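**Q** no letters, just coordinates:
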């Protein structure tokens with residue numbers, strides 16, 4: 001065996017192998033690598049776009065949250081104002097009702113006192129008439145009767 005013939009055979013085989021590889025194998029591998037490179041570039045661009053969208057969404061979220069907090073604060077303030085107004089109205093109504101009840105009580109008290117006075121005067125008058133009848137029944141003289149009635153009226157006080 002000759003080294004030159006072996007070496008020549010290997011070179012020819014290598015050249016054929018390289019030619020076949022460059023014609024049939026290399027183009028699909030390069031195409032797959034180009035496709036993969038494009039997919040990676042698209043993925044990086046999408047990631048960057050997604051990150052920008054996330055930042056924008058967070059900014060919008062913060063703005064919406066700020067607006068919601070302001071609105072909630074406003075609603076709480078308005079609710080407190082309404083509650084204070086309602087409480088003041090209730091207190092005014094309570095005061096008005098209490099004053100009305102006190103006036104009613106005073107009027108009833110005066111009416112009851114007047115009724116009691118009338119009843120007392122009527123009872124006194126009844127007692128006086130009863131006393132006068134007893135006096136008249138005992139047949140005293142006219143002057144003594146008159147003097148006795150006058151003294152009883154002075155002692156009791158004349159009703160108005």
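**A** Structure received. Being a predicted model, the structure only gives us computed values, none of them experimental.
**Q** C-alpha from now on. contacts and neighbour counts both.
**A** OK.
**Q** against which helices or strands is the strand or helix carrying residue 43 packed?
**A** With elements taken from DSSP states H and E, the one containing residue 43 is helix 26-137. The contact analysis (3 or more CA pairs under 8 Å, 6 or more residues apart in numbering; DSSP states H and E) places helix 26-137 against helix 142-156.
**Q** check which helices and strands the helix it packs on is in contact with.
**A** Applying 3+ CA pairs under 8 Å, 6+ apart, one finds that helix 142-156 contacts helix 26-137.
**Q** what is the mean pLDDT for the helix it packs on?
**A** Over the span of helix 26-137, the pLDDT mean works out to 90.
**Q** for it, the distance to its chain's centre please.
**A** When C-alpha coordinates are averaged (CA atoms, centre = their mean, to the nearest Å), helix 26-137 and its chain have centres 5 Å apart.
**Q** okay, the angle between it and helix 142-156?
**A** Taking axes from the mean of the first three to the mean of the last three CA atoms, to 10 degrees, helix 26-137 and helix 142-156 form an angle of 160 degrees between their directions.
**Q** got a pLDDT number for residue 1?
**A** Checking the pLDDT column for residue 1, the value is 63.
**Q** and for residue 160?
**A** 45.
**Q** measure residue 42 to residue 31 for me?
**A** In this structure, residue 42 and residue 31 are 16 Å apart, going by CA to CA, to the nearest Å.
**Q** no, scratch that, I was asking about residue 104
**A** Separation of residue 104 from residue 31 (CA to CA) stands at 105 Å.
**Q** cool, residue 61 as well?
**A** Distance of residue 61 to residue 31, given as CA to CA: 43 Å.
**Q** and residue 122, by the same measure?
**A** Counting by CA to CA, the gap from residue 122 to residue 31 is 130 Å.
**Q** go on, residue 50?
**A** In terms of CA to CA, residue 50 sits 28 Å off from residue 31.
**Q** ditto for residue 153
**A** Distance check for residue 153 against residue 31: by CA to CA, it reads 140 Å.
**Q** quick one: which of those two has more around it?
**A** Under the neighbour definition other CA atoms under 10 Å, residue 153 and residue 31 were set side by side, and residue 153 has more, 14 against 11.
**Q** OK, contacts around that one?
**A** When the contact criterion is CA atoms under 8 Å, 6 or more residues apart in numbering, residue 153 has no partners at all.
**Q** roughly how far apart are it and residue 124?
**A** 10 Å.
**Q** now do residue 9
**A** Residue 9 sits 162 Å away from residue 124, going by CA to CA.
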